[in-house]
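Visitor: sequence and predicted structure are below.
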Amino acid sequence: MPQDIKMGTQRLAIWAALAACLSTSFGGSSFVAMRFLVTETDPITVAFLRNVGAAIILTPIAFIMIRRWPTFSQLAVIAAMGSVFFCGLQVVFATALTYTTSGRAAMTYMTMPFMTLVLAVLFRAERVTIYKVSGIVIATSGVIVALWQSSSTAPLNAWVGDSIVLLGAFITAVFNVWSSRWLRLHEPLVVAVAGVLPGTILLFILAQFLGAPTFEVKLSVNGWLAAAYIGLFGAAVSYMLWLWALRHTTPTLVAISLPMNPFV
C-alpha cells in the first residue's frame, strides 16, 4: 500500500475512533435522560420518542442529500436488521432502566466490546490482536469490579435490569459486525434512515398494542427537554457518528470506545 494512502487510512481510523467516543458520550448522557423519562411515562413511549426524533431529523436530510439508494432487496435486508437494532434495542434499554440505575446500565453495557470481538472473529470480519484483547479485558474487568462495588446500593431488582442490558449489548454487537459490510457499500445516512424508519413504525405499533401513549404523551417541561435531547443527540447525532465510525474502521475498534458511556 502506498505511504500516502496508508497515512490517509490511519487518519480516518483516528477520526472514526473520535466519532465513536463522541457517539458513546451522547449515549451515556441519554441513559440519564431516559432514566428520568421512565419515571414520567411508559418505557415503550420513551423508546418511541427517541426514535421518532431521529426519524424526523434524519429522513428529510437523507432525501435531500442521498443520490444513490440501495436496491429494493438491499433496503429490505437493511430495514429488517435495522428494525431489530433501532426498535428492539430502544425497548430493551427503556425497560431495563425501570429496574436499574443509569450508571449500572451503562457499566453493564460495557460487555458489548467483548461480544463484538467474539462475533467479528467468528464471522471473519477482523483479526484478533493482543492490543484489542488487552483493551477489552481491562474494560470488562472494570465493569465487574464496578458492578460488584455498587451492588450494596443497587435497587432491589437491579439484576433484572442488568440482565436486560446484557441482551441489548448482544443486539448491538450483532449489529456492529453485520452493518460493517453494508456501510462499505452505502452511506451511513442510508443505513440509519433505512433502519430508523421501520424501527419507529414498529415501536408505534407496539405502543398501540400495549396502550402506551405516543404523540399524545403528557410530560413535564423537563420531561420534554429530556425527550428532545434523546431524539436529537441521543439518537440522530449518536447514530450517525456510530455508523460513520463503523464505515471507516473495524467493529471492535469502534466498540472499544464504550468506556465513555458510563464515564459520562
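Guide: Noted; the coordinates are in hand. Numbering: from 1, shown residues only.
Visitor: which element follows the helix or strand hosting residue 201 toward the C-terminus?
Guide: Per DSSP states H and E, residue 201 falls inside helix 188-210. Using DSSP H and E, the next helix or strand after helix 188-210 towards the C-terminus is helix 221-231.
Visitor: following that next one, which helix or strand comes up?
Guide: Counting by DSSP H and E, the next helix or strand C-terminal to helix 221-231 is helix 238-248.
Visitor: could you dump whichever helix or strand comes after that following helix to PDB, C-alpha only?
Guide: Next in sequence after helix 238-248, counting helices and strands by DSSP H and E, comes helix 251-255. The C-alpha trace of helix 251-255 is given here as PDB (Å, rounded to 0.1, in the frame of the first residue of the first chain):
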ATOM      1  CA  PRO A 251     -16.300  -3.100  14.600                       C
ATOM      2  CA  THR A 252     -14.100  -3.900  17.700                       C
ATOM      3  CA  LEU A 253     -12.200  -0.600  17.500                       C
ATOM      4  CA  VAL A 254     -15.500   1.200  17.400                       C
ATOM      5  CA  ALA A 255     -16.900  -0.800  20.200                       C
END
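Visitor: got a list of contacts for helix 251-255?
Guide: Helix 251-255 is contacted from outside by 13, 16-17, 20, 112-113, 116-117, 119-120, 125-126, 132, 136, 172-173, 176-177, 180, 242, 245-246, using CB atoms under 8 Å, 6 or more residues apart in numbering. C-beta here means a position set from N, CA and C on the backbone, and glycine is covered the same way.
Visitor: ok, and what's touching stretch 212-219?
Guide: Applying CB under 8 Å, 6+ apart, the set of residues contacting stretch 212-219 from outside is 37, 40-42, 44-45, 48-49, 52, 204, 206-208, 227.
Visitor: so where's the stretch 1-150 of the chain uncertain?
Guide: Within the stretch 1-150 of the chain, the stretches with pLDDT under 70 are 1-9, 139, 142-144, 146-150.
Visitor: just the buried ones from the contacts of helix 251-255?
Guide: 13, 16-17, 20, 112-113, 116-117, 119-120, 125-126, 132, 136, 172-173, 176-177, 180, 242, 245-246 (16 or more other CB atoms under 10 Å).
Visitor: for the residue lying closest to residue 157 once chain neighbours are set aside, give its distance to residue 163.
Guide: In space, and not counting its chain neighbours, residue 157 is closest to residue 99: 4.9 Å by CB to CB, 6 or more residues apart in numbering. According to CB to CB, to the nearest Å, residue 99 stands 9 Å off from residue 163.
Visitor: and if you look at residue 189?
Guide: Noted for residue 189: a distance of 34 Å to residue 163, by CB to CB.
Visitor: okay, stretch 23-41 in PDB with CA atoms only?
Guide: Output of stretch 23-41 as PDB, limited to C-alpha atoms (Å, rounded to 0.1, in the frame of the first residue of the first chain):
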ATOM      1  CA  SER A  23     -21.300   8.900  20.000                       C
ATOM      2  CA  THR A  24     -20.900   6.900  23.200                       C
ATOM      3  CA  SER A  25     -20.700  10.100  25.200                       C
ATOM      4  CA  PHE A  26     -24.100  11.100  23.900                       C
ATOM      5  CA  GLY A  27     -25.300   7.600  24.600                       C
ATOM      6  CA  GLY A  28     -24.200   7.800  28.200                       C
ATOM      7  CA  SER A  29     -26.000  11.100  28.800                       C
ATOM      8  CA  SER A  30     -29.000   9.600  27.100                       C
ATOM      9  CA  PHE A  31     -29.100   6.800  29.800                       C
ATOM     10  CA  VAL A  32     -29.600   9.600  32.400                       C
ATOM     11  CA  ALA A  33     -32.300  11.300  30.300                       C
ATOM     12  CA  MET A  34     -34.100   8.000  29.700                       C
ATOM     13  CA  ARG A  35     -33.900   7.100  33.400                       C
ATOM     14  CA  PHE A  36     -35.600  10.400  34.200                       C
ATOM     15  CA  LEU A  37     -38.300   9.900  31.500                       C
ATOM     16  CA  VAL A  38     -39.300   6.400  32.600                       C
ATOM     17  CA  THR A  39     -40.400   8.000  35.900                       C
ATOM     18  CA  GLU A  40     -42.900  10.100  33.900                       C
ATOM     19  CA  THR A  41     -44.200   7.700  31.200                       C
END
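Visitor: that'll do, ta.
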